[in-house]
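[1] Following is a predicted model, sequence given first.
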Amino acid sequence: MSRRAGFLAAGAIVAGSVALAAFMVSLAPEPERREPPPQIPFAQTARVMPGDGAIPVHGAGTVRPSAEVDIIPQVSGKVVWINPGFQSGGRIEAGQTIFRIEEEDYLYRVREAEADLEARRVELLEAREKAEIARTEYEQFSGRRSNGASVARRANPLTLREPQLKAAEAALDREEARVAEAKLALSRTRVRAPFDGYVRDESVDLGEFVTAGQAVGRIFATDAVEVVVPLSDASAALIPGLWELRAGDAEPQVPARVSARYGDARYTWEGYVDRAETSLDKQTRTIDVIVRVANPFSRDVPAGRTGDAPPLLVGKFVEVAIRGLVPEAYYRVPRAALQPGDEVWVVRGTGSVHIVPVRVLQRANDQAYVAGALENGQRVVTGGIQFATEGMRVQAGADAAQ
């Protein structure tokens, strides 16, 4: 084959390949045309709910006794009897003897003082008799010297034995005081409980010698306990009449509910706001509100459970819900809807954002109670966008459950 024929064959092959490729490309399907996605951000929303009734003021604190005292004997001696209930966790009733101190020494002192008292009574009778005789003799002597004169010179007190009589009376008073003191010391050999209480701890044994002023135990009252609830000034301002409350007032004005978890159940106790501390905590800058719970060992048993419920244990960390003020108009929104600067972002029907300033009344768990230019059922942004401007367009998803 000539050289020219070879070039023609090669050219024919290349041309056929190009034609075949063009034919194959023409048979390929056309790509689907799609509109570019809109550049509108997606926002999660929830509904505004109207507030109803009092705003709850939520807090937490630790249970402490309403009264707690050290058990301290006022006289010294050997312990000869101890109440079986006087041990850690035991219960003692008001006026019940906690322990007794050997009383023989104190009985002897009472008898000795009574004997001295009888002696002083005899001495007083003698002093009175002698004073009467001295006065009679002086009047007789004075009458003979005056020869019927109408005015007689005043007698010297020593002549009438007046100082001796007063000394005998003072001695009798002193001995009566000694008898009373001895009987008081004898009565103090029985150490009694000042109120119904539980024993926190004790440190005395039978036969031990205790001294006056030595603490041998500690008990706390069972009639009531207190919960110290630190609150911000904004939360404390929601408690009606807080600063008019008086400690120990028999008429609870602001109800409160204390709840605590024990095991797999939650138990509640009804209480009331007793008072508030009039100084801020130096470290937290909060106001300590004192919630008082009467009869802390009676409690509500949760539904579906039977058997004994636990007491409201001293030292337990509890949650507290106080009944706050009842504003004229307020709303409940998810706490996530609150934006910096105390504002919420409302999504209108057109999908545009409207920024609404609000006044935060209370934050509680996952909800917030606010007042402002809101309406029932409005949609507020709870997530999905980090910032918003007035009139900004968003895509709102399904409302989150509240």
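    Thanks, I have it.
[2] Any stretches of the stretch 301-402 of the chain with poor pLDDT?
    301-308, 397-402 (pLDDT under 70).
[3] Would you map the helices across it?
    Counting by DSSP state H, counting those that start in this stretch, the stretch 301-402 of the chain forms no helices at all.
[4] Please, where are all the strands along the stretch 201-350 of the chain?
    209-210, 217-221, 224-231, 255-262, 265-276, 287-294, 317-323, 331-334, 343-347 (DSSP state E, counting those that start in this stretch).
[5] biggest helix in the protein by residues?
    In the chain, with assignment by DSSP state H, the single longest helix is helix 104-146.
[6] by contact count, what packs against the helix or strand just after that helix?
    Per DSSP states H and E, the first helix or strand lying C-terminal to helix 104-146 is helix 162-187. Contacts defined by 3 or more Cβ pairs under 8 Å, 6 or more residues apart in numbering; DSSP states H and E place helix 162-187 against helix 104-146. Yep, even glycine has a C-beta here, placed from its N, CA and C like the rest.
[7] what is the mean pLDDT for the helix it packs on?
    Here helix 104-146 scores 87 as its mean pLDDT.
[8] That helix to helix 162-187, inter-axis angle?
    170 degrees (axes from the mean of the first three to the mean of the last three Cα atoms, to 10 degrees).
[9] chain center to helix 104-146, what's the gap?
    Mean-position distance between helix 104-146 and its chain equals 63 Å (Cα atoms, centre = their mean, to the nearest Å).
[10] same for it, what does it pack against?
    helix 162-187.
[11] Let's test this: mean pLDDT of the helix it packs on, rounded?
    Helix 162-187 shows a mean pLDDT of 92.
[12] What residues of that helix count as buried?
    162, 164-165, 168, 171-172, 175, 178-179, 182-183, 185-186 (16 or more other Cβ atoms under 10 Å).
[13] after it, next one along is what?
    Counting by DSSP H and E, the next helix or strand C-terminal to helix 162-187 is strand 190-192.
[14] Name the residues of that next one that are buried.
    Quick answer for strand 190-192 (16+ other Cβ under 10 Å): Val191, Arg192.
[15] Partner strands of that strand and their direction?
    Next to strand 190-192 in the sheet, as set by DSSP bridges, lie strand 97-101 (antiparallel).
[16] Just the buried positions in the strand it pairs with, please.
    Ile98, Phe99, Arg100, Ile101.
[17] pLDDT added to the residues you listed, as JSON lines?
    As requested, the buried residues of strand 97-101 are exported to JSON lines (pLDDT from 0 to 100):
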{"residue": "Ile98", "pLDDT": "96"}
{"residue": "Phe99", "pLDDT": "96"}
{"residue": "Arg100", "pLDDT": "96"}
{"residue": "Ile101", "pLDDT": "96"}
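[18] tell me the contacts of the nearest residue to Val358 once chain neighbours are set aside?
    Nearest residue to Val358 in three dimensions, chain neighbours excluded: Gly372, at 3.5 Å (Cβ to Cβ, 6 or more residues apart in numbering). Contacts for Gly372 (Cβ atoms under 8 Å, 6 or more residues apart in numbering) come out as Tyr331, Val344, Val356, Pro357, Val358, Arg359.
[19] Between all of these, which two are at the greatest distance?
    Tyr331 and Pro357 (13.3 Å; Cβ to Cβ).
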